[in-house]
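# 3D model of this:
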Amino acid sequence: MGRTGEKIAAIGLGTWLIGGGSSPDYSMDMEAIEAIRYAIELGMTHIDTAEMYGGGHAEELVGEAIKSFKRDEIFIASKVWHTNLRYDDVLRACERSLRRIQTSYIDLYYIHWPSDVIPLSETMKAMERLYKDGKIRYIGLSNFSPTQIEEARSYLSTTDVVAIQAEYSLYNRKIEGDVIPYCFRNNLTVVAYSPLARGALLADLRKPMERRVKLLMELAEKYSKTPVQIALNWVIWHDQVIAIPKALQRQHLEENAGAAGWKLTKEDYDLISKTW
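I've put the predicted structure just below:
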């Protein structure tokens, strides 16, 4: 991950809509806890959450799930919401997340979205304070442009940003024009959310005669993988890109985990890139 020397799972687990949307939903708590635990058992030890997921309930579920494992074997990422980016608000938001996750530190703490009204310098000062105090190990930025990333990094004196989270999939490749080149030049890890385009790929697989879908199916047969695994492996093909698909069902978790541990040839990677 970045220049840290830290090894992180190429495929992690996203938790958006686990435990509710913007407010808590307790109806599937046991299923969610079991899913997170199973993901970790499958090697998806990078768990991504946020204070706004389920109104904080997603963090609580993560906290319950990881009790079965040694803390240093799990890499937990969380995020501070854009309305909590004043200096003191960032510190308080982090403390709330720590309590909900029931941990003394968060491995990677992101600014979830940049603010239009709160100076980035103030927010980054608070993020560095959390780093110095050992409350967070690394700093990340989510949904930031290269210009905003560069500005944020300029306010840090004792550490640096290590990861940039952005939406990235075969269906949404906008960051290939700016964010990805910036991250590659500066040795920052790209964390792709919605790497399966929120179910769009699964819907398209029902159209097997479509040229680009047909290609995924042909490559799935070639590699003895599924089209979903081909699509995810394409996302994480570069060493500096990792993905955090969300899943609850064991079958989907197993399929996602199986997208790592092997690699498309450059020729096939380029073929997919050109076709999609």
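
# for stretch 31-39, the distance to its chain's centre please.
Remark: stretch 31-39 is offset 17 Å from the chain centroid, using Cα atoms, centre = their mean, to the nearest Å.

# got the contact list for it?
Contacts made with stretch 31-39 from outside it, assessed by Cβ atoms under 8 Å, 6 or more residues apart in numbering, are listed as 13, 15, 18-19, 47, 61-62, 64-66, 68-69, 247-250, 253, 257. C-beta: built from backbone N, CA, C; applies to glycine.

# Tell me if I am right that Ser140 is in a helix.
Small correction: residue 140 is Gly, not Ser. No. The assignment for Gly140, made by DSSP: H, G, I helix; E, B strand; the rest coil, is strand rather than a helix.

# pLDDT value on it, please?
Looking at Gly140, its pLDDT stands at 98.

# Can you tell me how far it is from Thr15?
Look at Gly140 and Thr15: by Cβ to Cβ, to the nearest Å, they are 16 Å apart.

# in the worst-scoring helix or strand of the chain on mean pLDDT, what counts as buried?
Sorted by mean pLDDT, DSSP states H and E, the helices and strands of the chain end with helix 200-204, the least confident at a mean of 92. By neighbour count, and taking 16 or more other Cβ atoms under 10 Å as the criterion, the buried residues in helix 200-204 are Leu201, Asp204.

# from the contacts of stretch 31-39, which ones fall inside helices?
With helices taken from DSSP state H, the overlap with the contacts of stretch 31-39 comprises Leu61, Val62, Glu64, Ala65, Arg250, Leu253, Ala257.

# Could you dump these into a markdown table with neighbour count, pLDDT and distance to Arg173 added?
Shown next, in a markdown table, are those (neighbours: other Cβ atoms under 10 Å; pLDDT from 0 to 100; distance: Cβ to Cβ, whole Å):
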| residue | neighbour count | pLDDT | distance to Arg173 |
| --- | --- | --- | --- |
| Leu61 | 29 | 98 | 31 |
| Val62 | 29 | 98 | 29 |
| Glu64 | 18 | 98 | 36 |
| Ala65 | 23 | 98 | 32 |
| Arg250 | 13 | 98 | 30 |
| Leu253 | 21 | 98 | 25 |
| Ala257 | 23 | 98 | 24 |
